[in-house]
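S.K.: predicted model, plus sequence, below.
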Amino acid sequence: MLDCAIVGGGPAGLTAGLYATRGGLKNVTMFEMGMPGGQITQSSEIENYPGFFDHTKTGMDFMDTWQEQCFHFGLKHEMKKVERVAKTGEHFTITLEGGEQVEAKTAIVCTGSVPKRAGFKGEDEFFGKGVSTCATCDGFFYKDKPVTVVGGGDTALEEAFYLSNICSDVYVVHRRDEFRATPQTLDRVMRKENIHLITDSVIEEAFGDTMGLAGVKIRNVKTNEIIQMDNTGLFVFVGHDVNNSVLRDENDKFICEMNDWGQVIVDLSMKTSIPGLYTAGDMRIEAPKQVVSAAGDGSVAALQVISYIQEQQ
Ligand code: FAD
Ligand code: NAP
């Protein structure tokens, strides 16, 4: 029986593993379906993690030492996909791909979330090279420069507002002429002088060269008129898919309380509605979706696990 099963080996899962093992738990396994590191390994650069400021290093380089540190303190890694986490009496049953089952006293689920892609030409080609899904991560690269934002929901407009305090101009491209975002957010955005709303429009193409994104073509869906914007960063905010399938039971129902967008409801201790089950990182409610906060969540969850196990003894 494991003391703790950690599902997902991104910044949240790795940090949970570090704190759980270093805090004295002997039997902790992190199930990560790929190489540990998480989403940030896709990034070519990270400059907002305190203490790490090296422009020559990629997200992959950045995460490299995390694994080494965690494994040093006894965290075990099984490169396996988890299908399901279920509470069986007092314990958890972790079902792995292929059907193997592992029992654990506690579980910390840190499977993250994935920003959706809008699907325009050049989006994948220039992702991480001018096309971004994270204003907090990449907005500063466009200080005093124009940027384009795609989407009409709360995230797109809130991030447009955030970018408007850094960038010279923010062009919000939305496919309809009505916004999904709350009226208060829309009102705040409309009052900001350097935010410009381009409605009934889509990104026709993101173009560039080996150096990265050079500009975007925006098409009005009603008139088919195309305008070209050169030298702009492109931020896509068209929703997120939360990786929450491991928390569904055989009847497809979630085992713990979730909000309407599939994020796990936790308290400040990363406790879910199920005793002994914690989540951390991008998949929880109100997640800032940053490495530093995912790591912070992981540490909080692991410290709670240690207390929980002590209380049960
Ligand atoms: P993730 O990093 O998503 O890790 C989840 C892990 O769970 C993955 O490794 C996945 O393989 C694994 N997993 C999922 N399902 C299963 C399963 N069923 N079984 C086993 N394993 C599973 N943040 C910053 O702070 N600064 C930045 O500059 C920055 N830049 C970014 C650039 C890019 C291109 C991207 C994509 C993200 C960036 N972020 C940045 C955001 C940051 O990467 C995330 O906030 C952070 O990685 C979230 O950590 P997490 O551990 O919650 O989830
Ligand atoms: P969302 O509400 O689903 O909005 C996604 C936006 O992207 C929509 O405007 C949608 O257009 C557009 N879109 C989707 N696919 C597209 C595509 N392929 N090409 C171009 N545009 C596309 O997602 P979200 O903004 O991330 O918000 C998710 C949930 O979190 C929402 O319920 C939101 O209210 C909530 N949220 C709340 C807060 C807050 O309370 N402060 C902050 C952020 C998010 P259409 O409108 O035409 O469908």
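M.R.: Looks like it came in fine. Numbers count the residues shown, from 1 in each chain. Ligands and ions are numbered 1, 2, ... in the order given.
S.K.: what does the stretch 201-313 of the chain have sitting close to ligand 2?
M.R.: 202, 237, 238, 239, 240, 261 (CB under 6 Å from any ligand atom). C-beta coordinates here come from the backbone N, C-alpha and C atoms, glycine included.
S.K.: for the third one, grab the count of nearby residues.
M.R.: The reference is to residue 238. Residue 238 has 17 neighbours, counted by other CB atoms under 10 Å.
S.K.: and it, what helix or strand is that in?
M.R.: Residue 238 belongs to no helix or strand when assigned by DSSP states H and E.
S.K.: wait, doesn't it sit right on residue 173?
M.R.: No. When contacts are counted by CB atoms under 8 Å, residue 238 is not listed as touching residue 173 (10.8 Å).
S.K.: still on that earlier bit, tell me the buried residues within the residues of the stretch 201-313 of the chain next to ligand 2.
M.R.: 202, 237, 238, 240 (16 or more other CB atoms under 10 Å).
S.K.: regarding the first one, what is its secondary structure?
M.R.: The one in question is residue 202. Using DSSP: H, G, I helix; E, B strand; the rest coil, the structure places residue 202 in strand.
S.K.: between the buried ones among the residues of the stretch 201-313 of the chain next to ligand 2, which sits nearest residue 212?
M.R.: residue 237 (19.8 Å; CB to CB).
S.K.: can you give me phi and psi for the closest residue to ligand 1 within the stretch 201-313 of the chain?
M.R.: Using CB to the nearest ligand atom, residue 281 is the residue of the stretch 201-313 of the chain that sits closest to ligand 1, at 2.1 Å. Phi and psi for residue 281, reported as degrees, to the nearest 10, are phi 90, psi -150.
S.K.: how is this structure divided into domains?
M.R.: Taking automatic domain parsing as the reference, the chain has its domains at 2-115+240-312, 131-236.
S.K.: now the helices for this structure?
M.R.: Here the chain has its helices, by DSSP state H, at 11-22, 59-72, 135-138, 154-164, 183-190, 291-312.
S.K.: noted, bye for now.
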